[in-house]
Structure formats: structure tokens, C-alpha cells
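# kindly generate the corresponding structure for this input.
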Amino acid sequence: MLDARMIRHRSQYPSRFLLVLCGLWIGGCGGAENDAPDPIPLTINTGQRPRQGPPDNIVGGFAIEVPTVSLGPGKERFPCYVFPLDVEGPSRIVGGGKLFTQRGMHHGNVTTRPKTGEGFRKCDKGDDSSFGGEAGDILNGGSVLFGSSTQIEGEEWQSFPDGMGFRVSDGYEIVARLHYLNTTSETLEVSPRYDWYTVDESTITTELGPFAWALSGWEIAPLSSLTVSIDCRPKGPMHIVNILPHMHRLGVEMFAEFVGGPHDGERFLDSLGYDPSNGVLTQYIPAADLSEAEQFRFGCSWKNTTDKTIVEGVGDNEMCMAFGYAYPYEHAYTAKASASSCFTLGPPPVGSGVE
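Numbering: from 1, shown residues only. You can find the predicted model right below:
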């Protein structure tokens, strides 16, 4: 049985970004105080913003332009489109990507999946914007091409460290599940564009695999704060390179930490969870090594400033999800969790979804 925890209180975790432990030094027996070495600061790596630009060694790529949608004041839409995956150049390894969007883009999850038809078209019924759609694509051998920060406007980059990238396969198509929300008093025109850059495969030393985490089964009482968390056990050595927290406007924190081992209780993710001005996509150099722990814990904190109960969902409701990339490919574990259990599953072999 997996160890699980749900905590209902205000978050009391350390300050975000870096936890610095100072004042550690070794003094010789009988030595003067001035002979002691300078204090050695110890830092916990909680990640950084990815490089805001294209990767090195570009040899090709692909792009999609989403049709323009007019969005009236206060309106919400969930467009979903399928695009052909037309890669230019000899490589099938993506080293980075870029989103450009106007105001009104609440978030967008773009994946690949085995082909279900030809050409550009709207998604079939059932290809919704929920976690199930993206997770199904991943578990069928697809890739997470892009997950954008909530309510981001302008450019957002997803670039991997040199020597790293993820593979896209022939025989697949692109699915763009989008969520638009107009919080202004004016009509908005929303038309996101995505660009991906493929890199020279001879420069790749580490091939990445996609993962998604989701924590469900909670509700936030009116005018109250809530923190929920769960412990999950990966089935092998997972090294996280990129992770994108996904929360809505009531979110104040998404966190992840080691459980057991030499770093027990230390955080490797300490994010605002929701930050439209700066985005929340996080990268680790070096990778966050979950093999150094028995389990990992992830969770979310919210402050409900409304007079209604908030549950998992869209509109005024909330989410506690994360998308990312890790290595080795077969140990990029997707986690589906509730208050009492966490189920983890690695991706299938690359291209296994193609008949």
C-alpha cells in the first residue's frame, strides 16, 4: 500500500526558490576562530526558467497555426484541433519549442498520437481537454509537444539543455487541446502559433520521455485555504529535466519533494503554480534525481477568496496537474493520484502505438 497524505491547512513550507543553509564550517582543535574556513552555503535545487531561445544544432522542425477564435467578454471556449505532423529535415529529435499567443489563452496542451485520419480537422467527440485525453496520448506512445503556463500572453519557450531532446515518430499526428478564457471587458481574437525545432541527432546524449501528474479528489471550502499532497513511488530511476505546474488563479503553490533517502523532506519544486506574468515552466540542471529517494511527494495549495466551494474542473474551479520530461525514457512516470493512492506508469516503447 502506498503511503498517502492529505493535509488541510495553510502551507507552512519554506520560502520559495532556494533554501540556503549557511554557517557550516569545520574548525581545528584549539585553532583560533579566524582560522576556520568561510561558511559553505548549501542550496536545494528548485529549478530555473528554461533558456528563452532556440536550441543549438537546429536541422529542421515543424509548426502549427491555430485558427482564430473571437472570444467575447467573460466567454470560455475549449477548441480542439488535429494537425498533420509534417517534420522538415532529417532529424526526429525535438530540442525545443516556442508558443506565441494573445491574451485569452488560458492554457493549451499539445501532444502527438498515432494517426486517426488525414489532414487538418477538428477533434472528434471525446477528444476533450481533460487529463484523460493527454494521458491517453502519452500512454499510446505519443509525446508532450507543449504545455503552456496558465493565462500566459506573448512568447513562452520550452528549450532543453544541450544534448537532450524528445523523439517524435512518423505515423503520428498533432492534437492541440486548448482552453480559452476572456477575463476582460473586450472581445479578444485568439490565434496561438507553435514552433518546434529539431536538432542534429548525433549531438543527442539523452533522450527524454514525457510524463504527467494529476492529483484529484479534493474540494476547497468557501473563503478558506487548502493544501493537498500525495506520496508516489516511481518504479525506477526517474530524472526530471522539465516540469510545468498547472493551476488556476486561486493557486498559490505547487510543490514536490523527496520522501526518504538522504534528501528526505527537501523540495525540488517550489512554484507559485500560477504566474501569468512570468510563466511557471521549470528546468533542472542537473536533473532532479528521484532515485535518491524512496518516493516523491507532490501537492498544491490554494486560497479560495470566493463564497463558493471550488472543485477540480474548469471555469472558476481549480486543478493540480503537472506535465514534463524526464530520463531515461522508460522511467518517465505518469502519476494519477487521489487522496488515498497514487498509481504510476511509464511510457510504452517509442512508436509502439503505430500498427
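# centre-most residue in the protein?
Taking C-alpha atoms, centre = their mean as the criterion, Leu244 is the residue nearest the geometric centre of the chain, at 2.3 Å.
# now for the helix or strand hosting that residue, which elements pack on it?
Element membership of Leu244 [criterion: DSSP states H and E] is strand 239-246. Helices and strands touching strand 239-246, by 3 or more C-beta pairs under 8 Å, 6 or more residues apart in numbering; DSSP states H and E, are strand 267-271, strand 282-289, strand 321-327. For the C-beta atoms, the positions are set from N, CA and C on the backbone; glycine is no exception.
# same question for stretch 92-110, mean pLDDT?
Confidence over stretch 92-110, taken as the mean pLDDT, stands at 91.
# only alpha carbons, please: show it as PDB.
These are the backbone C-alpha positions of stretch 92-110, laid out as PDB (Å, rounded to 0.1, in the frame of the first residue of the first chain):
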ATOM      1  CA  ARG A  92      13.100  13.400 -35.400                       C
ATOM      2  CA  ILE A  93      14.500  14.800 -32.100                       C
ATOM      3  CA  VAL A  94      13.000  18.000 -30.800                       C
ATOM      4  CA  GLY A  95      15.400  20.200 -28.800                       C
ATOM      5  CA  GLY A  96      12.900  23.000 -28.000                       C
ATOM      6  CA  GLY A  97       9.800  24.800 -28.900                       C
ATOM      7  CA  LYS A  98       8.100  28.200 -28.800                       C
ATOM      8  CA  LEU A  99       4.500  29.400 -28.200                       C
ATOM      9  CA  PHE A 100       3.200  32.800 -29.200                       C
ATOM     10  CA  THR A 101      -0.300  33.700 -28.100                       C
ATOM     11  CA  GLN A 102      -2.500  36.600 -27.500                       C
ATOM     12  CA  ARG A 103      -4.400  37.400 -24.300                       C
ATOM     13  CA  GLY A 104      -7.300  35.000 -23.700                       C
ATOM     14  CA  MET A 105      -5.300  31.800 -23.900                       C
ATOM     15  CA  HIS A 106      -6.000  30.100 -20.500                       C
ATOM     16  CA  HIS A 107      -3.800  27.200 -21.400                       C
ATOM     17  CA  GLY A 108      -3.000  24.700 -24.100                       C
ATOM     18  CA  ASN A 109      -1.800  21.100 -24.100                       C
ATOM     19  CA  VAL A 110      -0.300  19.900 -27.400                       C
END
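# buried residues of it, list them for me.
Residues 92-99, 101, 103-110 are the ones in stretch 92-110 that count as buried (16 or more other C-beta atoms under 10 Å).
# find the least confident helix or strand in the protein, judged by mean pLDDT.
Scoring the helices and strands of the chain by mean pLDDT, DSSP states H and E places strand 20-21 at the bottom, with a mean of 22.
# buried sites along stretch 68-83?
For stretch 68-83, burial by neighbour count (16+ other C-beta under 10 Å) applies to 69, 71, 77, 79-83.
# contact partners of it?
In this structure, residues lying in contact with stretch 68-83 by C-beta atoms under 8 Å, 6 or more residues apart in numbering are 64, 66-67, 104, 106, 116-117, 120-123, 127-129, 173-191, 314-315.
# can we see that at 7 Å?
Stretch 68-83 is contacted from outside by 64, 66, 104, 120-123, 127, 129, 173-182, 184-191, 315, using C-beta atoms under 7 Å, 6 or more residues apart in numbering.
# thought Gly60 was touching Val87, still the case?
Yes: with contact defined as C-beta atoms under 7 Å, Val87 and Gly60 form a contacting pair (6.4 Å).
# common neighbours of these two, please.
The contact lists of Val87 and Gly60 share Thr198, where a contact means C-beta under 7 Å, 6+ apart.
# so who does Gln48 touch?
Under the criterion of C-beta under 7 Å, 6+ apart, the contact list for Gln48 reads Gln283.
# that concludes my questions; thank you for your assistance.
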